[in-house]
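[1] Sequence and predicted structure are below.
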Amino acid sequence: QAQLVESGGGLAQAGGSLRLSCVGSGRTFSSSAMGWFRQAPGKEREFVAAIWSGGRTYYAGSVKGRFTISRDNAKNTVYLQMNSLKPEDTAVYYCAARRSYGVSSYQSEYDYWGQGTQVTVSS
């Protein structure tokens with residue numbers, strides 16, 4: 001059974017950095033588009049970033065220029081490097097994967113989800 005497991009969340013100060021990892025198991029995700037979403041308390045889950053199987057990336061406007069999504073297909077892993085963190089980045093961050101190779105910002109188009117990792121940014 002395919003699974004995604006996130007790690008790397010924690011507490012950071014405003015202006016700091018964190019790096020999230022998402023390891024896939026049960027199937028290879030090298031030909032899949034991968035994405036990161038987040039859900040802040042009291043808010044709906046929102047798109048953060050996505051990466052094509054070939055490496056092309058796509059970002060939400062709120063994180064563009066601060067966050068970087070990347071992948072290592074040999075390790076079946078996708079990363080989210082988060083720099084210049086802001087308190088409004090505080091959320092549970094979820095990794096997701098599509099069966100297809102094209103990226104999407106729509107949650108409904110992702111087939112596999114991780115359990116989430118908490119990121120808290122203090123001011």
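    Right, received. Where do you want to start?

[2] could you say which helix or strand contains the spatially most central residue of the chain?
    Centroid-nearest residue in the chain, with CA atoms, centre = their mean: Trp36, separated by 2.4 Å. Assigned by DSSP states H and E, Trp36 belongs to strand 34-39.

[3] How about residues contacting that strand?
    If you take CB atoms under 8 Å, 6 or more residues apart in numbering as the criterion, strand 34-39 is touched by 20, 22, 45-51, 69, 71, 78, 80, 89, 91-98, 103-105, 107, 110, 116, 119. Using the backbone N, CA and C atoms, a C-beta is placed for each residue, glycine as well.

[4] I'd like to know how many residues surround the closest residue to Val63 other than its chain neighbours.
    Nearest residue to Val63 in three dimensions, chain neighbours excluded: Val48, at 5.7 Å (CB to CB, 6 or more residues apart in numbering). Val48 has 23 neighbouring residues, counting by other CB atoms under 10 Å.

[5] Before I go, just wanted to say thanks for your time.
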